[in-house]
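Trainee: Below is the sequence, then the predicted model.
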Amino acid sequence: MAGLFDKAKNFVTEKLGNVEKPEAELTDVDFRKVSFDAAEYLGKVHVKNPYDHSIPICEISYTLKCVGREIVAGTVPDPGSIKASDVTILEVPVKVPHSVLATLCKDVGADWDIDYELILGLTIDLPVIGNFTIPLSKKGEIKLPSLTSLFG
């Protein structure tokens with residue numbers, strides 16, 4: 001009986017492994033705005049859907065790291081769906097409290113940049129397969145809000 005179960009399991013794994021899945025790329029991270037309590041950055045994700053029907057997105061989880069340490073993490077629940085046979089652009093807002101930004105000042109260069117890594121998990125609901133998470137990440141430099149953007 002165990003041999004039959006293993007054969008069935010291997011068959012399903014092989015078939016599902018060859019199923020075309022959506023592809024995603026974290027293309028950009030930009031400063032968006034500053035508020036009284038936080039600076040907001042925006043991650044842009046391009047998702048290509050190979051299917052002729054839309055795919056619901058369960059959630060987007062994110063972690064922003066600066067200077068090698070986690071400074072903020074969260075989720076965007078129920079961000080909509082991915083368009084059928086098309087590319088959907090998703091925007092992921094990431095709010096960083098000013099108190100956290102202040103602790104990062106030692107890494108700030110003369111041009112007011114800081115090194116970052118944004119890690120995303122795009123969880124979608126695929127028919128037959130179920131929930132499937134596409135891991136994404138991007139490293140680069142982001143601008144910290146200047147005094148003129150805070151008070152100007």
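Mentor: Now that the structure is in, tell me what you want to look at. Numbering: from 1, shown residues only.

Trainee: Test of understanding: give the bridge partners of I124.
Mentor: Listed beta-bridge partners, I124: I57, F132 (assigned using DSSP bridges).

Trainee: now L64
Mentor: Taking DSSP bridges as the rule, L64 bridges to V72, L118.

Trainee: how many neighbours does it have?
Mentor: The local packing of L64 (other C-beta atoms under 10 Å) involves 22 other residues. Every residue, glycine included, has its C-beta placed from N, CA and C.

Trainee: How about the one 4 residues further on?
Mentor: The number of residues packed near G68 is 8, by other C-beta under 10 Å.

Trainee: from memory L90 sits against Y62, does it?
Mentor: No: with contact defined as C-beta atoms under 8 Å, L90 does not count as touching Y62 (11.3 Å).

Trainee: Is it correct that V76 is in contact with Y62?
Mentor: Yes: assessed by C-beta under 8 Å, V76 is found in contact with Y62 at 7.4 Å.

Trainee: For stretch 73-85, which residues meet the burial criterion?
Mentor: For stretch 73-85, burial by neighbour count (16 or more other C-beta atoms under 10 Å) applies to 76, 79, 81-82.

Trainee: Out of those, the closest to F132 would be?
Mentor: Using C-beta to C-beta, I82 comes nearest to F132 of the buried residues of stretch 73-85, at 11.7 Å.

Trainee: That closest one bridge partners, please.
Mentor: Taking DSSP bridges as the rule, I82 bridges to I55.

Trainee: where along the protein do the helices fall?
Mentor: Remark: helices assigned in the chain by DSSP state H are 2-17, 98-103, 147-151.

Trainee: The nearest residue to L90 once chain neighbours are set aside: how many residues sit nearby?
Mentor: Spatially, and ignoring its direct neighbours in sequence, L90 is nearest to V45 (4.4 Å; C-beta to C-beta, 6 or more residues apart in numbering). Residues lying near V45 (other C-beta under 10 Å) number 21.
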